[in-house]
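> any chance you can model this:
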Amino acid sequence: MSLDLEEQEQLENIKAWWAKYGLLLSAVLIGLILGVIGIQVYQHYRTQISERAATQYDQAVNAVQSNDLPKLQASTTALQNDYPRSVYAAWASLQLAKVQLEKSEPQAKVAAQSSLQWIVDHSKDANIVAIARIRLAGILLDQNKIDDGLKVLETSLPDAYQALASDRRGDLYVAKGDLSRAREAYELALAKLDSKSTLKTTLELKRDSIPVNDFPAAAASNSPTNSTLPKPVK
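Numbering: from 1, shown residues only. The predicted model follows:
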């Protein structure tokens, strides 16, 4: 009989606990279940988005291989509009800019500038953004927009691109006539560059073509030494 009373007491305690915490526990359990389901649905959605973006990117690659610029532009625009956060949109934009830069028409250069600027503005991939910034600075150098080119490079870039960025910065300072800063930029590029890089000789030539002495920026632009500098490598 005492066992029955003890069981009855335990049962009453459980009922009391459930009456007090049961609703909260149910809400927590339902929340956890919905959370798991939500994660699974989101992952499935992301997978579908990634697959669709990859398919669209394949079309862009095929367009590059077949030298079909209109098709490449259409595929890239679709990726930019439909999947702007995907790495495929940035890759396609980079491919498009490269093809556009190979064209001789002035409007193609402007289009390439727009493609690269889209990457800078939208991509979250630091490596692709670094490439875009360096190439964009080169276009601005061609347009003699020196300060704009320098501004494009005024940001933190991954270590792998520090040498290329400093090289491009040196080219911009040469065009500006600031030979002292140009030499400093080339020195920094050499310091950051892999010792086995094929760019080492070119960078050394650029650096050594600039006197060690400081030059006033205004005078340097008319200096005979300036004319002996190697043409900036795009």
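> low-confidence stretches in the chain?
1-49, 213-234 (pLDDT under 70).
> mind jotting down where the strands sit in it?
Here the chain has no strands by DSSP state E.
> outline the domain layout of it.
Using automatic domain parsing, the domain parsing of the chain gives 52-124, 148-234.
> can you add mean neighbour count and distance to Leu141 and give those back as TSV?
Where you see a C-beta, it was placed from the backbone N, CA and C, and this is true even at glycine. Shown next, in TSV, are the domains of the chain (neighbours: other C-beta atoms under 10 Å; distance: least, C-beta to C-beta, whole Å):
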stretch	mean neighbour count	distance to Leu141
domain 52-124	18	12
domain 148-234	17	5
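> among those, which comes closest to Leu136?
Among the domains of the chain, domain 52-124 comes nearest to Leu136, with 4.2 Å by C-beta to C-beta.
> now Ser166. Nearest residue, chain neighbours left out?
Sequence neighbours aside, Ala189 is the residue nearest to Ser166 in space, at 3.7 Å (criterion: C-beta to C-beta, 6 or more residues apart in numbering).
> hang on, that neighbour packs against Asp171?
No: counting by C-beta atoms under 8 Å, Ala189 stays clear of Asp171, with 10.1 Å between them.
> ranges for the helices of the chain?
Assigned by DSSP state H, the chain shows helices spanning 2-65, 69-82, 87-101, 106-122, 126-142, 146-152, 162-176, 179-192, 200-208, 217-220, 224-227.
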